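# Quick check, what structure comes out for this input:
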Amino acid sequence: MKQETIDRIRRFTEDRDWDQFHSPANLAKSIVIEAAELLECFQWSDEAYDLQHVKEELADVMVYSQNLLDKLGLDADEIINMKMSQNEAKYPVDKARGSAAKYDQL
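Below you'll find the model as predicted:
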């Protein structure tokens, strides 16, 4: 995410004095709630969905995720790269390519 977008999210929260409500648990709950609303966009059809609504719900997930990163003092690039390294070890290309099997079944 661009720094100007991150700064805008932070400013939005600060201007409204909402950080007081942003405990890690509350933010995690909010991420799950918004992710469920994102999933609801595809409830009755995998193809017939409102892209604008998908974008709005996905943005909500990302905003709350950035708020949680801030609350916990984490860097998105750092934790994503850490997790990708773990995933690359669990799902080597030669075993996982084209397969939907879980790592313990490869």
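
# L106 versus the residue in the chain sticking out farthest from the centre, what's the distance?
Going by C-alpha atoms, centre = their mean, the residue of the chain most distant from its centre is D94, 28.0 Å out. Relative to L106, D94 is positioned 9 Å away (C-beta to C-beta, to the nearest Å). (Glycine included, C-beta is placed from N, CA and C.)

# And the residue farthest from the centre of the chain, which helix or strand is it part of?
helix 93-96 (DSSP states H and E).

# Over that helix, what's the mean pLDDT, rounded is fine.
When pLDDT is averaged over helix 93-96, the result is 92.

# number of nearby residues for I79?
12 (other C-beta atoms under 10 Å).

# which ones are touching it?
Contacts for I79 (C-beta atoms under 8 Å, 6 or more residues apart in numbering) come out as L69.

# quick one: which helix or strand includes it?
I79 belongs to helix 76-90, assigned by DSSP H and E.

# picking up where we left off before, go through the helix holding D94 and flag the buried ones.
Of all the residues in helix 93-96, those buried under the rule 16 or more other C-beta atoms under 10 Å are A96.

# Remind me what the top helix by length along the chain packs against, helices and strands.
Counting residues, the longest helix found in the chain (DSSP state H) is helix 51-72. When contacts are defined as 3 or more C-beta pairs under 8 Å, 6 or more residues apart in numbering; DSSP states H and E, helix 51-72 packs onto helix 3-15, helix 24-40, helix 76-90.
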